[in-house]
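Student: One predicted model, sequence on top.
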Amino acid sequence: MSRVLEKFQQCENLVMFDQSSGAYRAKQVRQNPSGPNYNFGMARGWESKSVEAQQEEAIEKTPGNRTKLSPEAAARARNIETLRLTRQQVLQRLDRAQNPRHRKLLEKELSALDARLKQFES
């Protein structure tokens, strides 16, 4: 009988009666492994040096440090970057390809991408 009473008391600590709605609600209970003075509002690991270094690096890479490109130059740079990334993806797929027809298709795609990249770079 004492085990039932213990379980009831544990549940009583987790549940409260809300008089305004007339329903039982769960209490907000936080288990704190670090002790009572742990600050729940701050993420764990905040004090580490790597986070601090990452924030400084992000501040240094703000858009204010880059030169402003014209809309045409920005579009051209995006197209070149897209072609390079696509080429890299095709190369990776070519490394994994086993079917000779699929390899041939990927090689054609690679040569077409190379031709388009030459057009942009010249």
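Tutor: Ah, there it is.
Student: For burial, what's the neighbour tally of S20?
Tutor: Using other CB atoms under 10 Å, S20 has 5 other residues around it. Any C-beta I mention is one placed from the backbone N, CA and C, and that applies to glycine too.
Student: That one sits in which helix or strand?
Tutor: Using DSSP states H and E, S20 sits within no helix or strand.
Student: And the pLDDT for it?
Tutor: Looking at S20, its pLDDT is 71.
Student: quick one: low-confidence parts of the chain?
Tutor: Where the chain drops to pLDDT under 70, the residues are 1-19, 21-49, 62-66.
Student: quick one, strands of it?
Tutor: Ranges of strands in the chain, per DSSP state E, are 15-18, 23-26.
Student: quick one: the helices in this protein?
Tutor: For the chain, the helices defined by DSSP state H occupy 2-14, 49-60, 71-96, 100-121.
Student: for those helices, which one sits closest to S20?
Tutor: helix 2-14 (19.5 Å; CB to CB).
Student: if I look at K61, how far off is L91?
Tutor: 28 Å (CB to CB, to the nearest Å).
Student: Q119 now?
Tutor: As judged by CB to CB, Q119 and L91 stand 19 Å apart.
Student: Kindly report the same for R101.
Tutor: Distance check for R101 against L91: by CB to CB, it reads 18 Å.
Student: Compare those two (neighbour count), which wins?
Tutor: Remark: of R101 and L91, L91 carries more neighbours, 12 against 8, as counted by other CB under 10 Å.
Student: and L83, how many neighbours does it have?
Tutor: 17.
Student: If we ignore the residues flanking it in sequence, what's nearest it?
Tutor: L117 (5.1 Å; CB to CB, 6 or more residues apart in numbering).
Student: That neighbour is in contact with I80, isn't it?
Tutor: Yes: counting by CB atoms under 8 Å, L117 does reach I80; the two are 7.1 Å apart.
Student: got a list of what the closest residue to L94 other than its chain neighbours touches?
Tutor: Counting by CB to CB, 6+ apart, L94 lies nearest to L106, which is 4.5 Å off, once chain neighbours are set aside. Counting by CB atoms under 8 Å, 6 or more residues apart in numbering, L106 makes contact with 90, 93-94, 97.
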